[in-house]
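In: this one's structure only:
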């Protein structure tokens, strides 16, 4: 076990599958007690919590809809009752509802914005309130750490996914504005922007050799990412090793944001 986060408490929203699952596991492996939020798939979150506890850690699964302010308050109340406070908050919950722009419904636009952007706003707001309420702790140089889960699509346009890309672009500016505002309190806010990661949400893009070959044309490093890649990045951003990193998006994308289509056409 890497003890980089020993004695700290972490919350991961959307932690029952994919990137959130990998991040929750990585934080636990680094010594943090972990609250695993889920909206659905409660069995997976409960199983992960049980696995972490079996390995000697501490974990709890908590159901909440991150787009609902009352649910967010109840989630933090449950977390604080169990662990006393929280030091690390990973705002990871997200979804896609893809359509051509002229066919996209307002309901699908709102659903993506409500979870991906408003959900991160509500989660981060409640986290900052808790950090300020309880004051410094000896387990961390920072008063608290917030990691927003963004995407390479905060900078890469994505036709057919206007709602998703817009939500991620919004996360970029929300994160930077929040980081600027709370840094004087020694609260560190940063983002991780994953590229192509092997998760259920994008299974169609990697689940057969032809689809994977097409996907890898966009990844100069030549492999698809794994949730563990994002987990390791989250541990670093949550640790004192990154204590001077504030308001930064860490792209974990195998070079996707290098615009590989220009590699032979410069």
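Out: Sure thing, it's come through. Keep in mind it's a predicted model, so treat the numbers as computed, not measured.

In: Any idea which helix or strand in the chain has the lowest mean pLDDT?
Out: Every helix and strand in the chain was compared by mean pLDDT, DSSP states H and E; the lowest is helix 209-216, with a mean of 90.

In: residues making contact with that one?
Out: The set of residues that contact helix 209-216 without belonging to it, under C-beta atoms under 8 Å, 6 or more residues apart in numbering, is 196, 204, 205, 206, 222, 223, 224. (Each C-beta comes from the backbone N, C-alpha and C, glycine too.)

In: do the same with stretch 220-231
Out: Counting by C-beta under 8 Å, 6+ apart, 18-19, 21-23, 25-27, 192, 194-199, 206, 212, 215-216, 252-256, 258, 260, 263 sit against stretch 220-231.

In: how about a cut-off of 6 Å?
Out: Residues outside stretch 220-231 that contact it (C-beta atoms under 6 Å, 6 or more residues apart in numbering) are 19, 22-23, 26, 194-198, 206, 252, 254-255, 258, 260.

In: what does stretch 41-49 give?
Out: Stretch 41-49 has contacts (C-beta under 6 Å, 6+ apart) with 16, 17, 36, 38, 59, 60, 61.

In: Among those residues, which pair sits farthest apart?
Out: 17 and 60 (17.2 Å; C-beta to C-beta).

In: Of the contacts of stretch 220-231, which is the nearest to residue 149?
Out: residue 19 (6.6 Å).

In: Write the ChimeraX selection for whichever of the contacts of helix 209-216 are buried.
Out: With 16 or more other C-beta atoms under 10 Å as the criterion, this ChimeraX line picks the buried residues out of the contacts of helix 209-216:
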select :196,205,206,224
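
In: biggest separation within the contacts of helix 209-216, which pair?
Out: Using C-beta to C-beta, the pair of these lying farthest apart is 204 and 222, separated by 20.4 Å.

In: possible to save the contacts of helix 209-216 as TSV with pLDDT?
Out: As requested, the contacts of helix 209-216 are exported to TSV (pLDDT from 0 to 100):
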residue	pLDDT
196	94
204	75
205	75
206	76
222	94
223	94
224	95
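
In: Arrange the contacts of helix 209-216 in JSON lines, one row each, with distance to residue 74 and secondary structure as further columns.
Out: Converted to JSON lines, those look like this (distance: C-beta to C-beta, whole Å; DSSP: H, G, I helix; E, B strand; the rest coil):
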{"residue": "196", "distance to residue 74": "35", "secondary structure": "coil"}
{"residue": "204", "distance to residue 74": "35", "secondary structure": "helix"}
{"residue": "205", "distance to residue 74": "35", "secondary structure": "helix"}
{"residue": "206", "distance to residue 74": "36", "secondary structure": "coil"}
{"residue": "222", "distance to residue 74": "44", "secondary structure": "coil"}
{"residue": "223", "distance to residue 74": "40", "secondary structure": "coil"}
{"residue": "224", "distance to residue 74": "36", "secondary structure": "coil"}
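
In: Looking at the contacts of helix 209-216, which is nearest residue 167?
Out: Taking C-beta to C-beta as the measure, residue 167 sits nearest to residue 196 out of the contacts of helix 209-216, at 18.2 Å.

In: And the pLDDT for residue 2?
Out: In the predicted model, residue 2 carries a pLDDT score of 60.

In: Please enumerate the helices of the stretch 101-250 of the chain.
Out: According to DSSP state H, counting those that start in this stretch, the stretch 101-250 of the chain carries its helices in the segments 106-113, 119-134, 162-182, 209-216, 227-238.

In: So which of those is the most surrounded?
Out: helix 227-238 (a mean of 23; mean count of other C-beta atoms under 10 Å).
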